[in-house]
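K.L.:
Provided below for reference: sequence and predicted model.
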Amino acid sequence: MDLLRSLPLGLYLEKPITWLHKLDPRVKLIWLMSFLISPVLSSSIWRLILVAMLIVLTFSASIPLRVWKQQMGWLLTFCCLVFVMSAAIAPDGLSINYQPRLPKDELTFAEQTNLPPEPEAKNFSNFFGLVKTETSTESNSETQQQKPTELPQPTSYRYVLFQQRPLTITRRSVDLGIRIATLLFTVIYSTNLYLLTTGAEEITAGIEDLMQPLNKLNLPVTEISLTLTLSLRFIPLVLEEIQNLVRSVRTRAINWKKLGLRQASQVWLIVAERLLENLLLRADQIASAMKVRGFTTPDQHKVEWHDLKLKVWDWLILVCLVLFWWVRLVWGGQS
């Protein structure tokens, strides 16, 4: 089990170097925020366009099949499952039985109230009132069995698209399923595509450069970027420690069935305690290494990882971003 390679999300692709790798990290970060913000108050068609754009970007960048198959394949399967559940199993999003405002048989009810009462028959057989009772009961049973006639629809519009108990698919449930599934795919895969083509140092350098105006508010922008860099570098160490501890538990061939719930929980508590000790030891080693190299504060001992300069290709992508938001504001809103 290799956690550093088996995780399908959040990995950085070092080779091959695609055209997404060569873009400025600030430009990619602005595009990422656009993908995350544009689905807000947008139509279902716009959300489907965002999904198509992400898939086209993946194929146009010539990302290897082994990479996007793990990342995009499982995510698409999960989103399709969410769409089916939202559209079919939970119609209209909520299983609430609404009480109609008007009576169910409104036409029949109106006809019954407007009809004048029938006169009683004046004959010998109705002398004791037997015929009147029989006719009234028969008329009541006929009115109860009578069903209102279905009027033809003037247009081809149908709110209920499919109804076969226990499944009911309506236009609102389909729209709700599209919104939920596309939002999940856009949020997760756009972030993953950004992490896939941008290194940790590039991310922190881009964020620090975009946050420079906050220095006027006396905010520690450089310290924040340094903390983000160290946290991104610390994630592989955490995965490595977890992997080593899990392997050490497996090599001891513990019979978990004989231990029981109480003793098994004690074993895992010991493993968690050991993990915390190892992580604190790694953090102390990193701090000692920074002190040995003469690191005092980020402002006085600053390391320039990348020289951030916007190229012609970056300016072209920014122009496309303006076109992207123009289309979103003009045609992508809710109808």
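P.N.:
Alright, I've got the coordinates. Because the structure is a prediction, the values reported are computed rather than measured.
K.L.:
Gln71: neighbouring residues, count only.
P.N.:
By other C-beta atoms under 10 Å, 21 other residues sit near Gln71. For the C-beta atoms, the positions are set from N, CA and C on the backbone; glycine is no exception.
K.L.:
ranges for the strands of the stretch 151-300 of the chain?
P.N.:
Per DSSP state E, counting those that start in this stretch, the stretch 151-300 of the chain carries strands over the ranges 160-164, 167-170.
K.L.:
Quick check: mean pLDDT of stretch 320-333?
P.N.:
Mean pLDDT, stretch 320-333: 91.
K.L.:
hang on, I meant stretch 210-221
P.N.:
When pLDDT is averaged over stretch 210-221, the result is 84.
K.L.:
What of stretch 34-51?
P.N.:
92.
K.L.:
Could you list the buried residues of it?
P.N.:
By 16 or more other C-beta atoms under 10 Å, the buried positions in stretch 34-51 come out as 35, 38-39, 42-44, 46-47, 49-51.
K.L.:
how long is it end to end?
P.N.:
End-to-end distance for stretch 34-51: 13 Å, by C-alpha to C-alpha, to the nearest Å.
K.L.:
chain center to that stretch, what's the gap?
P.N.:
12 Å (C-alpha atoms, centre = their mean, to the nearest Å).
K.L.:
quick one: Ser62 and Lys311, what's the gap?
P.N.:
Separation of Ser62 from Lys311 (C-beta to C-beta, to the nearest Å): 20 Å.
K.L.:
scratch that, Leu217 is what I was asking about
P.N.:
31 Å.
K.L.:
So these two - more neighbours on which side?
P.N.:
Legend: neighbour count by other C-beta under 10 Å for Leu217 and Lys311, higher for Lys311 (12 against 7).
K.L.:
can you pull the contacts of that one?
P.N.:
By C-beta atoms under 8 Å, 6 or more residues apart in numbering, the residues touching Lys311 are Asp24.
K.L.:
Ramachandran coordinates for it?
P.N.:
Dihedral angles of Lys311 (phi, psi; degrees, to the nearest 10) stand at phi -100, psi -180.
K.L.:
Where is the longest helix in this protein?
P.N.:
Assignment by DSSP state H gives helix 256-292 as the longest helix of the chain.
K.L.:
Okay, buried residues for that one please.
P.N.:
275, 278.
K.L.:
Report the mean per-residue pLDDT for it.
P.N.:
For helix 256-292, the mean confidence score works out to 85.
K.L.:
Beyond it, next helix or strand please.
P.N.:
helix 312-331 (DSSP states H and E).
K.L.:
how much space between the most centrally placed residue in the chain and Ile178?
P.N.:
By C-alpha atoms, centre = their mean, the chain has its centre lying nearest to Leu184, at 1.9 Å. Using C-beta to C-beta, Leu184 is found at 11 Å from Ile178.
K.L.:
On the pLDDT front, check Lys302 for me.
P.N.:
In this prediction Lys302 is given a pLDDT of 62.
K.L.:
Please apply the same query to Glu201.
P.N.:
Glu201 is assigned a predicted lDDT (pLDDT) of 81.
K.L.:
tally of neighbours for it?
P.N.:
16.
K.L.:
wait, isn't it in contact with Thr229?
P.N.:
Yes - with contacts counted by C-beta atoms under 8 Å, Glu201 reaches Thr229, the gap being 6.6 Å.
K.L.:
what's the domain layout of the protein?
P.N.:
What automatic domain parsing lists as the domains of the chain is 1-94+158-198+309-335, 221-304.
K.L.:
next one: the longest one to chain centre, how far?
P.N.:
This means domain 1-94+158-198+309-335. For domain 1-94+158-198+309-335, the separation from the chain centroid amounts to 9 Å (computed by C-alpha atoms, centre = their mean).
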